[in-house]
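In: Fold the following and give me the result.
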Amino acid sequence: QVQLMESGGGSVQAGGSLTISCAVSGSPWGNDCMGWFRQAPGKEREGVAVIYTGDGSTWYADSVKGRFTISREKQDTVYLQMNNLAPEDTAMYYCAADHRRRDCWYINDYWGQGTQVTVSS
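Out: Numbering: from 1, shown residues only. Down below sits the predicted model:
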């Protein structure tokens with residue numbers, strides 16, 4: 001059974017930084033898509049950043065380009081380094097993973113429980 005374990009959320013002031021991580025367990029994992037999505041209260045879930053673990057290709061939402069960086073360690077752990085955080089980044093951040101090897105924005109197979117990120121002004 002595939003499980004995604006997120007860690008690293010918390011509270012920070014605007015302009016600060018946080019790094020959240022996600023590890024996959026329970027199944028051999030490699031050359032797959034992983035990523036981060038977020039959902040703020042009263043809003044729909046949106047994609048933040050995704051990565052193809054096979055070659056490290058990354059894609060970002062326009063709202064986080066230049067501030068957030070997604071990276072991988074081996075092929076079963078991903079990180080999201082978030083810099084220059086703003087109050088509008090406040091949300092529950094979910095890790096997701098999928099055995100697809102393209103179109104990583106369409107990850108849907110496995111989801112973590114979420115980690116809260118709160119940015120105060």
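
In: Quick one: residues contacting the spatially most central residue of the chain.
Out: Among the residues of the chain, the one closest to the centroid is W36, at 2.2 Å (CA atoms, centre = their mean). Shown in contact with W36 (CB atoms under 8 Å, 6 or more residues apart in numbering): 20, 22, 47-50, 70, 78, 80, 93-96. Any C-beta I mention is one placed from the backbone N, CA and C, and that applies to glycine too.

In: Please narrow these to those residing in strands.
Out: 20, 22, 47-50, 70, 78, 80, 93-96 (DSSP state E).

In: Could you export those to a markdown table, including columns for distance to G8?
Out: What follows is the ones in strands among the contacts of W36, written out as a markdown table (distance: CB to CB, whole Å):
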| residue | distance to G8 |
| --- | --- |
| I20 | 4 |
| C22 | 9 |
| G47 | 19 |
| V48 | 14 |
| A49 | 15 |
| V50 | 18 |
| I70 | 13 |
| V78 | 11 |
| L80 | 8 |
| Y93 | 9 |
| Y94 | 13 |
| C95 | 11 |
| A96 | 16 |
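
In: could you dump those residues to JSON lines with pLDDT and neighbour count?
Out: Formatted as JSON lines, those follow (pLDDT from 0 to 100; neighbours: other CB atoms under 10 Å):
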{"residue": "I20", "pLDDT": "98", "neighbour count": "20"}
{"residue": "C22", "pLDDT": "96", "neighbour count": "25"}
{"residue": "G47", "pLDDT": "97", "neighbour count": "18"}
{"residue": "V48", "pLDDT": "98", "neighbour count": "22"}
{"residue": "A49", "pLDDT": "98", "neighbour count": "25"}
{"residue": "V50", "pLDDT": "97", "neighbour count": "25"}
{"residue": "I70", "pLDDT": "97", "neighbour count": "21"}
{"residue": "V78", "pLDDT": "94", "neighbour count": "27"}
{"residue": "L80", "pLDDT": "98", "neighbour count": "26"}
{"residue": "Y93", "pLDDT": "98", "neighbour count": "24"}
{"residue": "Y94", "pLDDT": "97", "neighbour count": "20"}
{"residue": "C95", "pLDDT": "97", "neighbour count": "27"}
{"residue": "A96", "pLDDT": "96", "neighbour count": "23"}
